[in-house]
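Participant: take a look and give me a structure for this.
(one chain, ligands or ions: 1)
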Amino acid sequence: MSFVVQPAQAHSPSSLGSPSLSSESSHSGKSLRSVAPRYLRIGTAVAGGGHHVDQPYPDPFTYDKPYRKVLAKEFNSASPENQMKWEFIHPERNRYNFGPADAIVRFARENGQVVRGHTLLWHSQNPAWLNEGTFTKAELRQILKSHIFTVVGRYKGKIQQWDVANEIFNENGEYRQENIWIRELGPGIIADAFRWAHEADPRAKLFLNDYGVEWPGVKVDAYEALAKQLLAQRVPLHGFASQAHLSMRYGAPDQLAGVLQRFDNLGLETAITELDVRMDLPEGGVPTAEQLTTQATYYKTVLDACLAVDSCHSFTIWGFTDKYSWVPVFFPTEGAATVMWDDFTRKPAYYTLRDTLARALR
Ligand code: G3I
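Facilitator: Residues are numbered from 1 along each chain as shown. Now for the predicted structure:
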């Protein structure tokens with residue numbers, strides 16, 4: 001690795017995150033986006049909605065000024081974490097709530113960032129009116145179509161990539177039956193969603209997006225078969241994305257480049273869309289220096305995979321500071337999954353990403 005941990009400094013978040021852990025200094029003060037190859041977008045989730053609503057702080061994107069400063073400086077791609085999801089942007093059948101998503105799109109424009117739209121067809125975070133309503137199949141189909149035309153149409157020309165279909169397969173490579181659209185309308189609705197999104201914004205790149213696809217297996221096979229089928233039907237599918245929510249319990253994703261290459265071979269773009277690396281926290285909640293070193297290697301493995309595959313032009317982490325990470329909310333004994341501490345000081349993983357980006361082929 002390209003950083004050295006000073007033993008005397010270990011065991012406190014502030015010292016573990018200090019720049020002295022990085023052996024490199026030539027990029028000191030530079031941002032991830034400034035050292036990255038021009039073809040590669042470096043993104044983050046933009047914190048708001050979802051788990052943040054129950055936390056004792058105001059909306060991070062709206063109110064945390066230091067957060068916004070780092071967001072603007074370090075990244076040239078932005079993914080609304082929750083603000084474009086159905087329950088957030090379409091809370092009532094006849095009412096859309098565009099304000100928070102509009103604010104992110106505006107911020108992105110002002111700061112030279114592209115936006116990844118997330119997401120249009122998903123089993124989760126759908127509003128109660130949809131989950132609990134009674135609709136005929138024709139009505140449901142019209143509801144989805146109208147949502148896609150309204151949301152994608154509103155941001156036409158302002159979204160680089162859309163996660164059209166999110167997490168549609170389970171771990172056995174079967175369509176998720178908890179997905180209301182697939183359950184009620186059949187998997188053919190996926191092709192329709194792509195067609196509608198393309199009609200609404202012909203320039204946006206349309207993606208399949210999922211976790212648990214970082215290693216080969218039945219889930220990746222299912223996506224490959226679906227991608228082939230959609231392409232054969234001339235459906236406007238443009239990309240396949242690995243979310244890459246990783247846990248140090250399960251080992252580094254050392255076969256990820258091979259997985260991405262399979263989709264590159266089909267002529268698709270590829271992307272990393274939600275990378276984070278969680279770990280079991282020791283008593284006291286502070287990761288050891290060794291854990292942070294391992295975490296940095298995981299981050300690097302994913303970035304290297306993206307850099308190794310020609311079609312990978314977008315590399316996004318799911319939040320950049322532990323202050324706002326979804327991880328401790330979902331996995332109470334795990335955490336420290338992002339590249340910065342709560343006070344935005346950098347962890348070894350940050351410096352490793354920056355070194356790797358700076359050394360990447362242009
Ligand atoms: O909907 C319930 C609501 O009924 C209840 O009153 C409330 C009480 O806590 O919880 C609400 O659910 C919350 C949900 O967002 C909907 O707003 C969950 O607690 C909350 O944990 C959840 O968090 C979001 C999560 O997606 C939901 O799946 C996170 O903020 C967001 O970071 C996370 O992001 C997802 C990506 O979109 C897709 N890939 C996985 C990734 C991590 O889970």
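
Participant: only C-alpha atoms from now on, for both contacts and neighbour counts.
Facilitator: OK.

Participant: number of residues surrounding the residue of the chain found nearest the ligand?
Facilitator: Proximity of the chain to the ligand (C-alpha to the nearest ligand atom) peaks at Gly50, 3.3 Å away. A count of nearby residues for Gly50, using other C-alpha atoms under 10 Å, gives 16.

Participant: do Gly267 as well
Facilitator: Neighbour count for Gly267, taken as other C-alpha under 10 Å: 13.

Participant: so it lies in a strand, does it not?
Facilitator: No - the assignment for Gly267 (DSSP: H, G, I helix; E, B strand; the rest coil) gives coil, which keeps it out of a strand.

Participant: in this protein, which residue is most central in space?
Facilitator: Of all residues in the chain, the one closest to the mean position by C-alpha atoms, centre = their mean is Glu274, 2.5 Å from it.

Participant: list the contacts of that one.
Facilitator: By C-alpha atoms under 8 Å, 6 or more residues apart in numbering, the contact set of Glu274 is 44-45, 242-245, 316-318.

Participant: so what pLDDT did it get?
Facilitator: On pLDDT, Glu274 comes in at 99.

Participant: show me which residues of this structure sit near the ligand.
Facilitator: Residues of the chain lying near the ligand by C-alpha under 6 Å from any ligand atom: 50-51, 54, 81, 125, 326.

Participant: out of these, name the ones that lie in strands.
Facilitator: The strands, defined by DSSP state E, take in nothing from the residues of the chain next to the ligand.

Participant: now render those residues as a markdown table, adding distance to Ile143.
Facilitator: Formatted as a markdown table, these follow (distance: C-alpha to C-alpha, whole Å):
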| residue | distance to Ile143 |
| --- | --- |
| Gly50 | 23 |
| His51 | 26 |
| Asp54 | 29 |
| Glu81 | 23 |
| Gln125 | 16 |
| Trp326 | 30 |
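
Participant: for stretch 121-130, buried residues please.
Facilitator: Residues of stretch 121-130 classed as buried by neighbour count (16 or more other C-alpha atoms under 10 Å): 121-123, 126-127, 130.

Participant: make TSV out of those residues and add secondary structure and distance to Phe344.
Facilitator: Output for those, formatted as TSV (DSSP: H, G, I helix; E, B strand; the rest coil; distance: C-alpha to C-alpha, whole Å):
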residue	secondary structure	distance to Phe344
Leu121	strand	33
Trp122	coil	32
His123	coil	33
Asn126	coil	32
Pro127	coil	33
Leu130	helix	38
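
Participant: can you classify Arg38 by secondary structure?
Facilitator: Under three-state DSSP, Arg38 falls in the coil class.

Participant: for the one 5 residues further on, same thing?
Facilitator: On the three-state scheme (three-state DSSP), Gly43 is labelled strand.

Participant: pretty sure Asp276 is in a strand, no?
Facilitator: Yes - under three-state DSSP, Asp276 falls within a strand.
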